[in-house]
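A structural model of the following input is requested.
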Amino acid sequence: MSRHDEWLALIEISGPFLAVPVLKDVFPQGFDEIDVHGRKRLRQAYDEWREASDFDDPHFPKLHKAWIKEVLSRTLEFDEEGAGDVLKSKSNIPDGLRIMLGDFESALWPDYVVVDVQREEKPLLLIHAYATEVDLEAVQKKVGEASSPAEGMVSLCRATGCRLGLVTNGERWMLIDAPVGSVTTYASWYARIWMQEPVTLQAFVNLLGIRRFFYDPSEQLPALLDRSLKHQDEVTEALGEQVRRAVEVLVQSLDRADIDRNRELLRDVLPAELYEAGLTVMMRLVFLLCAEERGLLLMGDERYEANYAISTMRMQLRADSEEILERRMDAWSRLLATFRAVFGGVNHVNFYLPALGGSLFNPNRFPFLEGRAKGTDWKFDEAKPLPIDNRTVLLLLEAIQSFEGRTLSYRALDVEQIGYVYEGLLERTVKRTDKVTLELDATKGAKRPWLTLDELTAAQEAGERPFVTLLQERTGSSESRIKNDLAKPMDGLQAEHLLTACQGSQQLRDCIKSIFHLLRTDLWGYPLVYPKGAFIVLRPTLNPESFPDLF
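Model (predicted):
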């Protein structure tokens, strides 16, 4: 992980933000250091502000204003000399930066504005400061039609043609990029983190400080944000691959649950229906994340956040060790409960959620997800949740919520990006295998990255040359790679993983172990060995009719 990945993981980002390749290009040696005197002064000012807030100092309103001015004037260097030429306060802000709200009885304008004095005081950054107790994302009646301080700034930026805004309550400093006709980006720094993780302060100053606004236009913040948009396709493609791998894992988990129930659970389920169910689970999660981050569900309600919310679930699961995650299976039941709550609603004296209905969350659409047989009804028939462990559920959530160590936000996720991921999922399908089948670690161009146990045995008996040739053909790899992997021994952990993948059959393990290093593994390092009758997810390049010997 690069230095830029580290600080990006420490701030809150929603929407397309600065891409790491762009940051590396502009800051090849990293950010400029903050001088010792400046850090010491900022730390002292923050401690005084924080103490006054915690102990209800009667002079806190003045100290709050002084703290905001300290960050803007000295840390970001907008007004070090107090001349007020670059940083304009509210009393000196032109009327053109005021907008009338829908009722025409109230106006919205910034507390400060950074202007370009050489270009007729063109506004470069609009700034609005709020009281420390104000949640920047919560509805504030005083901002009229805007749903929150953040959305109020979006309205102000777009109405005035100044795309960049900064809103703060003293602790949280939220940068807003609101280009007309494009997705809005929100990036939040927290003052307490500045003191604990200095690289976040360096990023804040290097990106929002006065020098960034008066560099060559190609290196100013709007230009960097625009350049970063070109890298969003790479992020979307990587996210799509993560989700596709997660669907594979979910299908494999459902298949194992079917084996545990003597193949009765999925007896009447067609392969295409099983894949559709896995895809539906992932799209339910995406829908819920979008809804929660847009304030359309009950985020903020302690009961909902602790027992139903998808947004909070990942971090709750992360608190457990790998061993505990592998042994517990309550997270899957929680997902099912949330799906039911969204579909059927909850009407309780302390908890109310209106029923949304619709086919996406209908529990009767895929009853086997709840351990119910076809034809049963979720309102009357008992559910027996499948034994899907918490580790698998965490993987599903990680696949759609994180990228390169950073948490993805769905509040401003482009509909086209969601559509791209969904489209990629539709390219795959599921088939049942009629024989023990091994999935190989193949190149993207490989057309048949599979090997049945019968084929493996026959090729081994035919001699080294036919054996290597077959593996080359199926993996798309070079002869040297094949021979090197065949020569590699298994260590103890790998032998255990292979035995687990073979469902405890030592005989099967011994037949397969020679090609262990040529087998594709799941995300936990277990080789993909499919028993007879197993469900297999086929990649887009594969046509099941081209190898009927498997299905």
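
can you map out the helices along the stretch 301-450 of the chain?
For the stretch 301-450 of the chain, the helices defined by DSSP state H, counting those that start in this stretch cover 302-307, 313-318, 322-327, 330-344, 390-401, 415-426.

Deepest in the core, which of the ones you listed is it.
Ranked by mean neighbour count, the helices of the stretch 301-450 of the chain are led by helix 390-401 with a mean of 22 (mean count of other C-beta atoms under 10 Å). Placement of C-beta: from N, CA and C, glycine included.

Just the angle for that helix relative to helix 330-344, thanks.
60 degrees (axes from the mean of the first three to the mean of the last three C-alpha atoms, to 10 degrees).

Rounded mean pLDDT for helix 390-401, please.
Here helix 390-401 scores 90 as its mean pLDDT.

Name the residues that touch it?
Helix 390-401 is contacted from outside by 239, 242-243, 245-246, 249-250, 253, 281-282, 285-286, 289, 310, 313-314, 317-318, 320, 322, 324-326, 328-332, 335, 407-408, 523-524, using C-beta atoms under 8 Å, 6 or more residues apart in numbering.

go with 7 Å
242-243, 245-246, 249-250, 253, 282, 285-286, 289, 313-314, 317-318, 320, 322, 325-326, 328-332, 335, 407-408, 523 (C-beta atoms under 7 Å, 6 or more residues apart in numbering).

ok, the residue nearest in space to the middle of the chain to residue 313 distance?
What sits nearest the mean C-alpha location of the chain, by C-alpha atoms, centre = their mean, is residue 401, with 2.3 Å. Per C-beta to C-beta, to the nearest Å, residue 401 is found 9 Å from residue 313.

quick check, residue 466 in a helix?
Yes. Applying DSSP: H, G, I helix; E, B strand; the rest coil, one finds residue 466 inside a helix.

Can you give me the distance of it to residue 472?
11 Å.

These two: who's more crowded?
The neighbour comparison of residue 466 against residue 472 (other C-beta atoms under 10 Å) goes to residue 472, with 16 against 13.

any idea which element that one lies in?
helix 464-475 (DSSP states H and E).

can you pull the buried residues of that helix?
Buried positions in helix 464-475, judged by neighbour count with 16 or more other C-beta atoms under 10 Å: 467, 470, 471, 472, 474, 475.

Sort out which residues of the next helix or strand after it are buried, please.
Going down the chain from helix 464-475, the next helix or strand is helix 479-487, by DSSP H and E. Using 16+ other C-beta under 10 Å as the test for burial, helix 479-487 gives 481, 482, 485, 486.

Help me confirm that the third one comes into contact with residue 518.
Yes. In terms of C-beta atoms under 7 Å, residue 485 counts as a neighbour of residue 518; the distance is 5.0 Å.

that older thread, please list the outside residues in contact with the helix holding residue 472.
440-443, 446, 448-451, 459-460, 479, 482-483, 518.

any idea how far residue 25 lies from residue 219?
Counting by C-beta to C-beta, the gap from residue 25 to residue 219 is 9 Å.

Output the contacting helices and strands for the longest strand along the chain.
Longest among the strand segments of the chain by residue count, using DSSP state E, is strand 122-129. For strand 122-129, the packing partners by 3 or more C-beta pairs under 7 Å, 6 or more residues apart in numbering; DSSP states H and E come out as strand 112-116, helix 149-160, strand 164-168.

can I get these in TSV with distance to residue 11 and mean pLDDT?
Listed next are the helices and strands packed on strand 122-129 as TSV, based on distance: least, C-beta to C-beta, whole Å; pLDDT from 0 to 100:
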stretch	distance to residue 11	mean pLDDT
strand 112-116	21	91
helix 149-160	15	89
strand 164-168	14	96
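
quick one: the helix or strand hosting residue 189 to strand 164-168, angle?
Following DSSP H and E, one finds residue 189 within strand 185-190. In terms of direction (the same axes, to 10 degrees), strand 185-190 departs from strand 164-168 by 40 degrees.

could I have whichever helix or strand comes after strand 185-190 exported to PDB, CA atoms only?
Per DSSP H and E, the first helix or strand lying C-terminal to strand 185-190 is helix 191-196. Extracted in PDB, the C-alpha atoms of helix 191-196 (Å, rounded to 0.1, in the frame of the first residue of the first chain):
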ATOM      1  CA  ALA A 191      -9.200  17.500  13.200                       C
ATOM      2  CA  ARG A 192      -8.500  14.900  15.900                       C
ATOM      3  CA  ILE A 193      -7.000  12.700  13.200                       C
ATOM      4  CA  TRP A 194      -4.700  15.500  12.100                       C
ATOM      5  CA  MET A 195      -2.900  15.200  15.500                       C
ATOM      6  CA  GLN A 196      -2.900  11.400  15.500                       C
END
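
Please pull up the helix or strand immediately following helix 191-196.
Taking DSSP H and E, what comes next after helix 191-196 is helix 198-208.

ok, residue 254 - contacts?
Residue 254 touches 266, 274, 386, counting by C-beta under 7 Å, 6+ apart.

Not counting residues beside it along the chain, what's closest to residue 326?
residue 391 (5.0 Å; C-beta to C-beta, 6 or more residues apart in numbering).

Any figure for the gap between the one you found and residue 327?
Taking C-beta to C-beta, one finds residue 391 at 9 Å from residue 327.

How confident was the prediction at the closest residue to residue 76 other than its chain neighbours?
Nearest residue to residue 76, sequence neighbours excluded (C-beta to C-beta, 6+ apart): residue 209, at 4.8 Å. pLDDT recorded at residue 209 is 93.

gap between residue 209 and residue 381?
Taking C-beta to C-beta, one finds residue 209 at 63 Å from residue 381.

try residue 455
Counting by C-beta to C-beta - residue 455 and residue 381 are separated by 44 Å.

Those two - which one has more neighbours?
Higher neighbour count among residue 455 and residue 381: residue 455, with 17 against 14, using other C-beta under 10 Å.

So the more buried one versus residue 533, what's the distance?
The value you get for residue 455 to residue 533, if C-beta to C-beta is used, is 18 Å.

What of residue 397?
Residue 397 is 30 Å from residue 533, where distance means C-beta to C-beta.

do the same with residue 172
From residue 172 to residue 533 the distance is 54 Å (C-beta to C-beta).

ditto for residue 29
From residue 29 to residue 533 the distance is 58 Å (C-beta to C-beta).

More neighbours: which of those two?
residue 533 (15 against 7).
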